[in-house]
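**Q** From the sequence below, what's the structure:
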Amino acid sequence: QVQLVESGGGLVQPGGSLRLSCAASGFTFSYYAMSWYRQAPGKERELVAVLTSAGGSRNYADSVKGRFTISGDNAKNTMYLEMSSLKPEDTAVYYCFAGIGVRGVWGQGTQVTVSS
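**A** Sure, this is the predicted structure:
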């Protein structure tokens with residue numbers, strides 16, 4: 001069964017850091033383009049970062065460039081999102097996505113709250 005499970009979210013103060021994890025099962029994540037999205041209350045889901053298959057390249061939304069880093073660990077079949085210099089506007093539910101098949105596969109999401 002193809003599945004993505006996110007973890008690592010939580011409450012952090014502005015300027016702080018968090019690392020999100022996305023554990024993949026039922027497929028080899030490095031074979032596919034993998035992404036992180038986020039959705040803030042009342043807003044549409046937006047693309048945050050993309051890791052192309054085999055880690056060929058990384059792309060970021062302008063709002064997170066220089067602060068977030070997407071990466072993958074092939075041995076653990078897990079993708080990460082390192083977030084630093086967090087701002088209140090980064091508050092959202094973060095989802096990982098695998099570009100498998102026609103619709104792709106979504107994780108269940110993990111809440112990130114940036115607040116003092």
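
**Q** Tell me the gap between stretch 47-55 and the middle of its chain.
**A** 9 Å (CA atoms, centre = their mean, to the nearest Å).

**Q** For it, measure first residue to last.
**A** Terminal residues of stretch 47-55 lie 17 Å apart, using CA to CA, to the nearest Å.

**Q** Average pLDDT for that stretch, rounded please.
**A** For stretch 47-55, mean pLDDT rounds to 90.

**Q** what's the answer for stretch 64-83, then?
**A** Regarding stretch 64-83, the rounded mean pLDDT is 96.

**Q** Quickly list what the nearest residue to residue 7 once chain neighbours are set aside is bridged to.
**A** Counting by CB to CB, 6 or more residues apart in numbering, the nearest residue to residue 7 once its immediate chain neighbours are dropped is residue 21, at 5.0 Å. Backbone N, C-alpha and C define where each C-beta goes, glycine included. Counting by DSSP bridges, residue 21 forms beta bridges with residue 7, residue 80.

**Q** Next one: residue 21 relative to residue 11, how far apart?
**A** Distance from residue 21 to residue 11, counting by CB to CB, to the nearest Å: 17 Å.

**Q** More neighbours: those two, which one.
**A** A side-by-side neighbour count of residue 21 and residue 11, using other CB atoms under 10 Å, places residue 21 first with 17 against 12.
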